[in-house]
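Peer 1: Below is the sequence, then the predicted model.
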Amino acid sequence: MKISNKENSSRSMTVARYHEVTLGITHSQLILPIPLHITPAFEGDEVSLSWRLHFEFVTSNERLQPGPDDKDWNAPLSVPIETMVWNLPVKIYSTLPKQISQQTLGNDAYTLYIK
């Protein structure tokens, strides 16, 4: 989430994190936790709110598999790595209030205020 005002100062905040450590695979899946109660993106005269997905990929070309004679394999103490950072802007749209209330425990009453 990124909040900006007219003076071009901005503040970023992390809403959710997901980490995955993999070894020796070529594909993986992503769990994307977007809370139902977050404020959708907007832009006004004084302030704006935008969202992005921030990815950090840490990779290594060094082969880390155990040798044929190894009975107990331990991870190496240091590995040469490369890091790739990717910020993907996304649009977050509002959720129906009924969907938010279904996520709470037995609370099927809701109120929506529009000013």
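Peer 2: Everything's here; your move. Numbering: from 1, shown residues only.

Peer 1: C-alpha only now, for contacts and for neighbours.
Peer 2: Noted.

Peer 1: Let me see the ranges of the strands in this structure.
Peer 2: 2-5, 10-12, 42-43, 47-59, 82-90 (DSSP state E).

Peer 1: pLDDT (mean, whole number) over the shortest one?
Peer 2: When pLDDT is averaged over strand 42-43, the result is 88.

Peer 1: sorry, back to before: which among the strands of the chain is found nearest to Thr22?
Peer 2: The stretch from these with the least distance to Thr22 (CA to CA) is strand 47-59; that distance is 9.9 Å.

Peer 1: pLDDT of the closest one, averaged?
Peer 2: 88.

Peer 1: how distant is that strand from the center of its chain?
Peer 2: Counting by CA atoms, centre = their mean, to the nearest Å, strand 47-59 is centred 7 Å from the centre of its parent chain.

Peer 1: got the buried residues for it?
Peer 2: Within strand 47-59, the residues scored as buried using 16 or more other CA atoms under 10 Å are 49-52.

Peer 1: and what of stretch 82-92?
Peer 2: So for stretch 82-92, nothing qualifies as buried (16+ other CA under 10 Å).

Peer 1: which stretches of this structure aren't confidently modelled?
Peer 2: Across the chain, the ranges flagged by pLDDT under 70 are 1-8, 64-67, 97-115.
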